[in-house]
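S.K.: Sequence plus predicted model, see below.
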Amino acid sequence: MVSKLAGMVQIVQNRPKHATTQDHALTIPQSSIFFGGKITDNIGAFVQTTLDNAGVYGADNTDFRYANTAKLSGIDVEYGVTLNNNPTVQDLWNSTSAWGFPYAGTNGTNGVNNGGTILDGLDNAVGLTAYGMWNNWLYTEIGAYKGSKVNGFLNIFHFSTDTAANRKVGYNYIDGTVPYARVALQHNIGKNYFMIGTQYLRAKVIGNYYAATPDASITFKDYAIDGEWQYTNGNHIVTAEASRIWEKQSNGNSDNLTTTKGKISYFYQHKYGVTLDYITDANNAGTQNTGSTIQLDFLPTQKIKLAAQFNNYTRFGGTTNNASDNNNIGLIGWLMF
C-alpha cells in the first residue's frame, strides 16, 4: 500500500502588476497526498487529500472504481462503475474541467483560467456513474450525483478540518438528483491522436443553504463539447485542447453563461515546455472575463517542475477598463515524491 502513496508540494511566488513587497512573498498554495492504484483485481482508486494555504486539510479529487473487460459480438469492451466526488474527476481527458490547465496556478489567476459553470465544479456532490469503452473507439458514461450536507454521511467525500460553522457560510446544497452523461470518440492516425466529446449535466442548487433565508433554488442545465489533438514524434509532443460549455439557468436573469477554453502546448524531451491558454466567460449581458496565460516549463527530473506563468487580462469583471491591472507573473515550483 505504501508504494501507492505519493505527495506533491506547490511553492509559488506571485508578482501582480501593482504589487507590494508582501505580494512577492513565497506561498505554498497547496500540498497534497495521493493514493492511486489497485485495491483488488477489479477495484482501484485515486484519492487526493490537500492542505491549503489557510491550514485547512480535506478531501480533494476522489474516484473509486470497478473495472473489467468483455467481448460483445466480437467487440472489445472495457466497462465499469465509478464513485466520485465531482463530475469530470473520473474523466479520461485533460480537456474537461477537473484536470484542465493550469495544473498549478499562481494566486489571483482564477478569473482567467477557470470558468464559473456547474460543469467547472459541482460543489458538495457525490456521484455514481457507469462507463464503457467500445473497441477503444467509443466512450460512453451515464449516471447521477447527489448533494451532501455538512453533517451528512455523504460529506465524507468532502471532509474538511475546517469547522462546521465556517463551512456552512455560503454553502450550496444540491437538491434532488443530478443526471450526468458523457460521450466521446477517439482515434489514432499515425503519430496523431484525436478525440471529440460531449457532456450534459442538470442540477438544482440552493445557495446559502444554512442561512436564515436561503437563496431561491436555481436549476442549471449544462451542455458541453470538447476536443483534443496530440502529435507525438520522438522527443516532440504537441497537444491542443478546446472546450465550450453552454449553461442555462432558471432564474430568468442574465446569468446564462458560455465558457470557451483553448490550450496548446509543446514539450521537448519531456523536459522543456511552453503552453498558451485562452479563456472567455460570457453571459447574456456580454463578456465578463477574458484572458490568456503563457507558461514556460522546465522539468530537471520527473519529480521537479519549475514554471513561469504570465497571466494577461483583456476584460475583467465585465469591463475592459483597467483590466490589465489584474495581470500577474507567477513563479511556480512543483515538487512530487
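M.R.: Looks like it came in fine. This one's a predicted model, so the numbers in the text were calculated from it and none came from an experiment. Numbers count the residues shown, from 1 in each chain.
S.K.: How about the contacts made by V183?
M.R.: Taking Cβ atoms under 8 Å, 6 or more residues apart in numbering, we find V183 in contact with L138, Y139, T140, E141, G197, T198. Every residue, glycine included, has its C-beta placed from N, CA and C.
S.K.: strands paired with the one helix or strand the fourth one maps to, and their directions?
M.R.: Here E141 sits within strand 138-147, counting by DSSP states H and E. Each strand that strand 138-147 pairs with, and the sense of that pairing, follows from DSSP bridges: strand 125-134 (antiparallel), strand 177-189 (antiparallel).
S.K.: Please state the offset of stretch 270-281 from the chain centre?
M.R.: 15 Å (Cα atoms, centre = their mean, to the nearest Å).
S.K.: List the buried residues for that stretch?
M.R.: Applying a neighbour-count criterion of 16 or more other Cβ atoms under 10 Å, one finds G273, T275, D277, Y278, I279, T280, D281 buried in stretch 270-281.
S.K.: which SS state does the closest residue in space to L83 that isn't next to it in sequence fall under?
M.R.: Distance criterion Cβ to Cβ, 6 or more residues apart in numbering; nearest residue to L83, sequence neighbours excluded, is F64 at 4.6 Å. Reduced to three states with DSSP: H, G, I helix; E, B strand; the rest coil, the structure at F64 is strand.
S.K.: just the strands paired with strand 138-147: most buried one?
M.R.: For the strands paired with strand 138-147, the stretch with the most neighbours on average is strand 125-134, a mean of 19; neighbours defined as mean count of other Cβ atoms under 10 Å.
S.K.: ok, residues contacting it?
M.R.: Around strand 125-134, the neighbours that count as contacts under Cβ under 8 Å, 6+ apart are 75-87, 90, 139-148, 154, 157, 174, 178, 180, 182.
S.K.: Kindly report the same for stretch 28-43.
M.R.: Under Cβ under 8 Å, 6+ apart, the answer for stretch 28-43 is 3-12, 44-53, 60, 64-68, 80, 105, 107.
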